[in-house]
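A.B. asks: Take this sequence and fold it.
(chains A and B)
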Amino acid sequence: MINITDLHKSYHIGKNSLHVLKGINLNVNEGELVAIMGSSGSGKSTLLNIIGMLDVADEGTYTLDDNLIKDMDETKAAQYRNKFLGFIFQSFNLINYKTALENIALPLYYKGLKRMERQEIAMEYLSGVGLANWASHLPSELSGGQKQRVAIARAMVTQPKVLLADELTGALDSKTSTEVMNLIQKINNEGKTILVVTHEEDISMMCKRIVRLKDGVIVEDKLINQIKATTHV
Amino acid sequence: MFNKDSWREIFDTIRKNKLRTFLSGFTVALGIFIFIILFGFGNGLSNTFQKFFNDDKSNTMFIFPGVTDKPFKGYESGRRIEFDNSDLTDIQQHFDYYLESITPRISDRATVKFMGEANSYRIRAVSPAHQYNEMTIMMKGRYLNEDDIKNKCQYAVIGRLVEQDIFKNIDPIGQYLHAGGHSWKVIGIFQDDGGDNEERMIYVPYTTYQKLQSRNDKIDQIILNYNVEIGYEGAMEFEKNLKKFLKNKKAIDPRDSGGIYIRNLADDMKETQQFASVLQLIISLIGIGTLIAGIIGISNIMVFVVKERTKELGIRKAIGATPKSIILMILQEAIFITTLSGYIGLIAGIATLSLIGDTLEKNYFITNPYIEFSTAIMATFILIVFGALAGYIPARRAARIKPIIALRDE
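C.D. replies: Below you'll find the model as predicted:
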């Protein structure tokens, strides 16, 4: 599903240059639930943004569902994002003047679906995350966990190939974090490929594979079963 | 993207961001409203000016006899020149090409009496053409006609204030008033924009007056209107030739500055028009200034609105909005708001002008303030175009921002 080879990314701040990703190689297969771990500044969010086509790499190749993502103009990138990717952000990134239902329906608007169809599908996904009764509520009227569930429903509504979650539990308490991760696991069990960026060990342990970054380099890439086996030994 | 669904998305955004919509719309509506009011007031001032300075027809010449300064052809200097009826016919014959109308005027003052009421009024003995060059407006009855002149009828056309002063509640038409020892049948009542003095006046046929006053065929002055097509230069040339002709007829030295005096309103009119042009220029500058202020106002607000929405645009891009759809969304919103509020400002401005229009003349010298509908529409259209442009430029910039940068915006 995702093939990344020798990916480099630098940020230029004034005369200084910060080399954030230093030759990343990563393959993610369909149906995987991958945690990208690392401390602050390790480059994990940058990697996720490049995979999500929110940012571009300086060097290296990246293919998504056999499509080479290179030199893509913003219009095509937007169409790819709408078709292949769903985003879940730490700060939810819901549009504050739109209701929960309208937020979920918005990606379908950009997909070109009619209003009635959009609302029906959005309602279906809102029910799927257990918030059917909150359809007409604004984000400001929802709890953190509810907001994140709306964000998950919005990410899912276009039936993307890959879900990308950046610190999705970062703003939630531990109980809500577990609930949200359980939802993520459920979605993954239905066959969705999911990448979760996190710095929390317990969140990463709820995934199936952990990719650990340090200073822009992958220092560990193991299945959770292998890690658990090593820990038990 | 210009479909029903995209409009619904825009109306949704507008409905849920009332303050932002109100501020954008208010700036445009206020800009158009002020433009219309200022422009209307400017035109009203111009109207007052025209009215004040153009009591008489602008293509008029007043010809007065005077006293000669130089001896000529056996006549001594200090000779008083007089006009008579033959001068009228001679001018008509010699200058037919230039002439539009000609009238004599004999001025007098008399005590006018009616049923115990009496007052002193000015009397003008004239021909029917006088109505044209004085721009006399008939309120009731009729003005003098050629038959009245030919038949030397004892008819009088009285001013509005004469009626008010001495006729009180009686309808003057058909009544007889006494003036200068003779009875005159009132055949008409007039008004004149020249002020109260012009409306405390009585017009009578000059032939009748000459007969009754034993003045033979003498007249005090000649008033003529020339064909406007001859223009300013033609009017000056006509004046020169006319003076030359009259001096020759009356045996006055061509170099004599006295004897004949001509007041040509073309000269006054030229100055009046220059002043009116300057006034119009000032009005236009004020109008353009107001429009520019409106354009700057809406531009500022649109820049602020797009900046405020940067994060939202980032979210929209992350979930599939193309740069084109972002630009169209902002542009449609901007055009809709500026068009609607521009229209509101236009209607409010025109309605205000017509509501207060008649109340400003007395205290503020603004007469019948108005704006040509085409000017108002053009100003609204300009503001809509610039409102759209003001939305387009920051929208294009926002559409170009990387989604990740837009998402980080707080």
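A.B. asks: Enumerate the residues of chain A near chain B.
C.D. replies: Where chain A comes near chain B, counting by C-beta under 8 Å from any C-beta of the partner chain, the residues are A:49, A:52, A:54-55, A:74-75, A:78-79, A:81-83, A:87, A:89, A:93-95, A:97-98, A:102, A:106-107, A:109-111, A:114-115, A:154, A:158. For every residue, glycine as well, the C-beta is placed using N, CA and C.
A.B. asks: Mind doing that once more with 6 Å?
C.D. replies: A:49, A:54-55, A:74-75, A:78, A:81-82, A:87, A:93, A:95, A:97, A:107, A:110, A:115 (C-beta under 6 Å from any C-beta of the partner chain).
A.B. asks: List just the nearest of those residues to chain B.
C.D. replies: Within the residues of chain A next to chain B, the smallest distance to chain B is 2.7 Å, found for A:Asn82 (C-beta to the nearest C-beta).
A.B. asks: So the closest one lies in a helix, does it not?
C.D. replies: Yes. Counting by DSSP: H, G, I helix; E, B strand; the rest coil, A:Asn82 falls inside a helix.
A.B. asks: who touches the closest residue to it other than its chain neighbours in this structure?
C.D. replies: Computed as C-beta to C-beta, 6 or more residues apart in numbering or on different chains, the closest residue to A:Asn82 that is not its neighbour in sequence is B:Gly320, at 2.7 Å. With contact set as C-beta atoms under 6 Å, 6 or more residues apart in numbering or on different chains, B:Gly320 has these partners: A:Ala78, A:Arg81, A:Asn82, A:Pro107, A:Tyr110.
A.B. asks: Just the buried ones out of those residues, please.
C.D. replies: Buried members of these, counted by 16 or more other C-beta atoms under 10 Å in any protein chain shown: A:Ala78, A:Arg81, A:Asn82, A:Pro107, A:Tyr110.
A.B. asks: Dump those residues to CSV, plus pLDDT.
C.D. replies: Formatted as CSV, the buried ones among the contacts of B:Gly320 follow (pLDDT from 0 to 100):
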residue, pLDDT
A:Ala78, 86
A:Arg81, 87
A:Asn82, 86
A:Pro107, 92
A:Tyr110, 90
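A.B. asks: In these, find the pair that's most separated.
C.D. replies: A:Ala78 and A:Pro107 (10.9 Å; C-beta to C-beta).
A.B. asks: domains for chain B, by residue range?
C.D. replies: Chain B is divided into the following domains under automatic domain parsing: B:4-53+B:271-408, B:60-264.
A.B. asks: Let me know how buried the closest residue to A:Lys22 other than its chain neighbours is, in neighbour terms.
C.D. replies: In this structure, A:Lys22 finds its nearest non-sequential neighbour in A:Gly216, 4.1 Å apart by C-beta to C-beta, 6+ apart. By other C-beta atoms under 10 Å in any protein chain shown, 23 other residues sit near A:Gly216.
A.B. asks: What spatial separation is found between A:Gly216 and chain B?
C.D. replies: 17 Å (C-beta to the nearest C-beta, to the nearest Å).
A.B. asks: OK, contacts around that residue?
C.D. replies: The contact partners of A:Gly216, taken as C-beta under 6 Å, 6+ apart, are A:Val20, A:Leu21, A:Lys22, A:Gly43.
A.B. asks: let's go with 8 Å and repeat that
C.D. replies: Counting by C-beta atoms under 8 Å, 6 or more residues apart in numbering or on different chains, A:Gly216 makes contact with A:His19, A:Val20, A:Leu21, A:Lys22, A:Ile24, A:Ser42, A:Gly43.
A.B. asks: Kindly report the same for B:Ile252.
C.D. replies: Listed by C-beta under 8 Å, 6+ apart, the contact set of B:Ile252 reads B:Thr68, B:Lys70, B:Phe72, B:Ile81, B:Leu246, B:Gly258, B:Gly259, B:Ile260.
A.B. asks: Just give the nearest non-adjacent residue to the third one, would you?
C.D. replies: The reference is to B:Phe72. Spatial nearest neighbour of B:Phe72, chain neighbours left out: B:Asp253 (3.9 Å); criterion: C-beta to C-beta, 6+ apart.
A.B. asks: how close does that neighbour sit to B:Phe83?
C.D. replies: In this view, B:Asp253 and B:Phe83 are 18 Å apart by C-beta to C-beta, to the nearest Å.
A.B. asks: How is the closest residue to B:Lys211 other than its chain neighbours assigned, secondary-structure-wise?
C.D. replies: Excluding its sequence neighbours, the residue lying closest to B:Lys211 (C-beta to C-beta, 6+ apart) is B:Lys152, at 5.4 Å. With three-state DSSP as the basis, B:Lys152 sits in coil.
A.B. asks: How about A:Lys22?
C.D. replies: A:Lys22 is classified as strand under three-state DSSP.
A.B. asks: Is there a neighbour count for it? I'd like the number.
C.D. replies: Per other C-beta under 10 Å, the neighbour tally for A:Lys22 reads 16.
A.B. asks: Was I right to think it contacts A:Val217?
C.D. replies: Yes. Contact criterion C-beta atoms under 8 Å: A:Lys22 and A:Val217 qualify, at 5.3 Å.
A.B. asks: center of chain A - which residue?
C.D. replies: Ranked by distance to the mean C-alpha position of chain A (C-alpha atoms, centre = their mean), the top residue is A:Leu164 at 1.3 Å.
A.B. asks: Which neighbouring elements make contact with the host helix or strand of that one?
C.D. replies: Here A:Leu164 sits within strand A:162-166, counting by DSSP states H and E. Judged by 3 or more C-beta pairs under 8 Å, 6 or more residues apart in numbering or on different chains; DSSP states H and E, strand A:162-166 is in contact with helix A:44-51, strand A:85-88, helix A:144-156, helix A:174-189, strand A:193-198.
A.B. asks: and those as TSV, adding mean pLDDT?
C.D. replies: Below are the helices and strands packed on strand A:162-166 laid out as TSV (pLDDT from 0 to 100):
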stretch	mean pLDDT
helix A:44-51	90
strand A:85-88	89
helix A:144-156	90
helix A:174-189	88
strand A:193-198	92
